[in-house]
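In: A predicted structure for the sequence below; I have some questions about it.
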Amino acid sequence: MSQITKSNHETYSGTALPRPLAERGRIDPFIVMDILRTANEKQAKGADIVHMEVGQPGTPAPVGVIEAAHAALDSSKLGYTEALGVPELRERIAGHYKTRYGISVPAERIVVTSGSSAGFVLAFLAILDPGARVAVPTPGYPCYRHILNALGAETVLLETGADTRWAPTPAALSELNADQELDALLLASPANPTGTMLVGDAMPELARTCEQLGMWFISDEIYHGLDYAEPAKSAVEYSSSAIVINSFSKYFSMTGWRIGWMVVPEELVRPMERLAQNLYICAPALSQYAAIAAFECTDELEANKAVYQSNRDLLLEELPKAGFTDILPADGAFYLYADVRHMTNDSAAFAKAMLEETGVAATPGIDFDTGRGDHYLRFCYSGTTERMQEAARRLRDWANTRL
């Protein structure tokens, strides 16, 4: 099957299309998903693949969640729900903020979404007009850029480095805003791909800077709960106008259930509701009812987290033996971001060779950093400890063959 080509008319598999494709459909691919497809194809042919490319837990949804899903199926409560989510789930999420952060958040400000991805789309559509400029730290989650581009907004990269522990600073944000006026800041803590967190007063200072500069503050908190250095802080604690996006995918181990949530200012609730009504009606009903039980599964979820922390400690000890000697601080999430410039100037080719020769799948930094990504590689350590040990062994052996 031939690729899409651009001429006077678009063609696909040799068939002329009536009009050229829209530019918004030409966004860059999410490279990690391409790597996952390649790894799965190899696995289907019998290869033993250690998956360290895609950022998802190696564990299933908690037992309580699965039981709740069965109960929902049996009770047939699976029609359309309210666009903002079933009231029981919104109330339970609001209670989560009281329990985890000590913050009172009205359930009316909770918006249930089809994963965090739908949350980003809703947020961008609600607050950004075409041409709006959004500061996004780099390295960072690539879909931020891709979704913004598809919606006609402009991504303004805010470069971070080792001197700030790979976190943006108020000074850097202010300087970037002086150069080109910004409409919003979007960041994650713990971050993907670096695994680093905003620590100390970094979160409140950034929130305060956004308010002073008159820009929106969008906080991606999808990795909250997976923090090893100190508890992650929510932007809700420091700004009444912040937009918080979270999900049941990571800490709650429910990636395929496609269920997430937002905390938004009261003034944005109705616009979000209108958008959700028209774009996807509601989040999956089954996932919503099941997710209510997730907050009662803390013991199981904390046991999962303990495995991730053990995996992190294992790899921080073993990966340097395979030549990965320069790894960023790993405060949270389940990623290690390794500087591989002493091994390669082409992280994509390096990751491809590593998959071919060792069966270990990892993601090249070019997915996360368009400027410096050729020198970095991301490892996800959310699998079992046994598989992480196997990956370390293969990479050590591979390193020995390349000496």
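Out: All right, it came through fine.
In: which residues in the stretch 301-403 of the chain form helices?
Out: Applying DSSP state H, counting those that start in this stretch to the stretch 301-403 of the chain gives helices spanning 347-358, 385-402.
In: same for the longest one, what does it pack against?
Out: This means helix 385-402. Contacts defined by 3 or more C-beta pairs under 8 Å, 6 or more residues apart in numbering; DSSP states H and E place helix 385-402 against strand 50-51, helix 298-318, helix 347-358, strand 360-361. Glycine gets a C-beta too; all of them are placed from N, C-alpha and C.
In: Packed most tightly, which of the helices of the stretch 301-403 of the chain would that be?
Out: When these are scored by mean count of other C-beta atoms under 10 Å, the highest mean neighbour count falls to helix 347-358 (a mean of 18).
In: and the angle for it with helix 385-402?
Out: Between helix 347-358 and helix 385-402, the angle comes out at 100 degrees (axes from the mean of the first three to the mean of the last three C-alpha atoms, to 10 degrees).
In: Alpha carbons of helix 347-358, as PDB, please.
Out: Below are the C-alpha coordinates for helix 347-358, written out as PDB (Å, rounded to 0.1, in the frame of the first residue of the first chain):
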ATOM      1  CA  SER A 347      18.900   8.000  18.600                       C
ATOM      2  CA  ALA A 348      16.300   6.700  16.200                       C
ATOM      3  CA  ALA A 349      18.800   4.500  14.400                       C
ATOM      4  CA  PHE A 350      20.300   3.400  17.700                       C
ATOM      5  CA  ALA A 351      16.800   2.400  19.100                       C
ATOM      6  CA  LYS A 352      16.100   0.500  15.900                       C
ATOM      7  CA  ALA A 353      19.400  -1.400  16.100                       C
ATOM      8  CA  MET A 354      18.800  -2.100  19.800                       C
ATOM      9  CA  LEU A 355      15.400  -3.600  19.100                       C
ATOM     10  CA  GLU A 356      16.700  -5.600  16.200                       C
ATOM     11  CA  GLU A 357      19.700  -7.000  18.000                       C
ATOM     12  CA  THR A 358      18.500  -7.300  21.600                       C
END
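In: I'd like the numbering to begin with 22 instead of 1 from here.
Out: Shifting the count to begin at 22 puts that one at helix 368-379.
In: which residues touch that helix?
Out: For helix 368-379, contacts defined as C-beta atoms under 8 Å, 6 or more residues apart in numbering pick out 52, 56, 59-60, 63, 70, 361, 364-365, 381-387, 394-398, 415-416, 418-419.
In: Can you tell me which of those residues are classed as buried?
Out: Among the contacts of helix 368-379, those classed as buried by 16 or more other C-beta atoms under 10 Å are 52, 56, 59-60, 63, 70, 361, 364-365, 381-387, 394-398, 415-416, 419.
In: end to end, how far does stretch 166-176 reach?
Out: The separation between the terminal residues of stretch 166-176, taken as C-alpha to C-alpha, to the nearest Å, is 6 Å.
In: Looking only at that stretch, what residues are buried by neighbour count?
Out: Across stretch 166-176, burial judged by 16+ other C-beta under 10 Å covers 166, 168-172, 174-176.
In: Same list (the residues you listed) but as a markdown table, adding pLDDT.
Out: Shown next, in a markdown table, are the buried residues of stretch 166-176 (pLDDT from 0 to 100):
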| residue | pLDDT |
| --- | --- |
| Arg166 | 94 |
| Ile168 | 96 |
| Leu169 | 97 |
| Asn170 | 94 |
| Ala171 | 94 |
| Leu172 | 95 |
| Ala174 | 97 |
| Glu175 | 96 |
| Thr176 | 97 |
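In: Please parse the chain into its domains.
Out: Listed by automatic domain parsing, the domain ranges of the chain are 42-81+320-423, 84-318.
In: Export these as TSV, with columns for distance to Thr36.
Out: Formatted as TSV, these follow (distance: least, C-beta to C-beta, whole Å):
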stretch	distance to Thr36
domain 42-81+320-423	13
domain 84-318	24
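In: List the beta-bridge partners for the closest residue to Val53 other than its chain neighbours.
Out: Using C-beta to C-beta, 6 or more residues apart in numbering and skipping residues adjacent in sequence, the residue nearest Val53 is Thr384, 4.7 Å away. Beta-bridge pairing of Thr384, defined through DSSP bridges, involves Arg399.
In: Help me confirm that Thr384 comes into contact with Leu57.
Out: No - here Thr384 does not reach Leu57: they are 9.2 Å apart, not a contact under C-beta atoms under 8 Å.
In: list residues touching both of these two?
Out: 74-75.
In: Looking at the helices of the stretch 322-424 of the chain, which is nearest to Arg130?
Out: With C-beta to C-beta as the criterion, Arg130 lies closest to helix 406-423 of the helices of the stretch 322-424 of the chain, at 39.1 Å.
In: by how many degrees do that closest one and helix 319-339 diverge?
Out: Interaxial angle, helix 406-423 versus helix 319-339 (the same axes, to 10 degrees): 10 degrees.
In: For the stretch 222-371 of the chain, just list every one of the strands.
Out: Along the stretch 222-371 of the chain, counting by DSSP state E, counting those that start in this stretch, strands occupy 237-241, 264-268, 281-284, 347-348, 356-360.
In: Adjacent strands (with direction) for the first one?
Out: The reference is to strand 237-241. Here, using DSSP bridges, strand 237-241 pairs with strand 205-209 (parallel), strand 264-268 (parallel).
In: among those strands, which is the most enclosed?
Out: strand 264-268 (a mean of 27).
In: And the contacts of it?
Out: With C-beta under 8 Å, 6+ apart as the test, strand 264-268 has contacts from 134, 136-137, 140-141, 144, 148, 237-243, 245, 255-257, 280-286, 289.
In: Which residue ranges of the stretch 22-171 of the chain form strands?
Out: Under DSSP E, counting those that start in this stretch, the stretch 22-171 of the chain gives strands at 32-33, 36-37, 71-72, 131-134, 154-159.
In: quick one: which of these is nearest Ser274?
Out: strand 71-72 (15.1 Å).
In: Gly353 is in contact with Asp248, correct?
Out: Yes - the criterion here is C-beta under 8 Å, and Asp248 meets it with Gly353 at 4.1 Å.
In: Would you mind telling me which of the two has more residues around it?
Out: Gly353 (28 against 18; other C-beta atoms under 10 Å).
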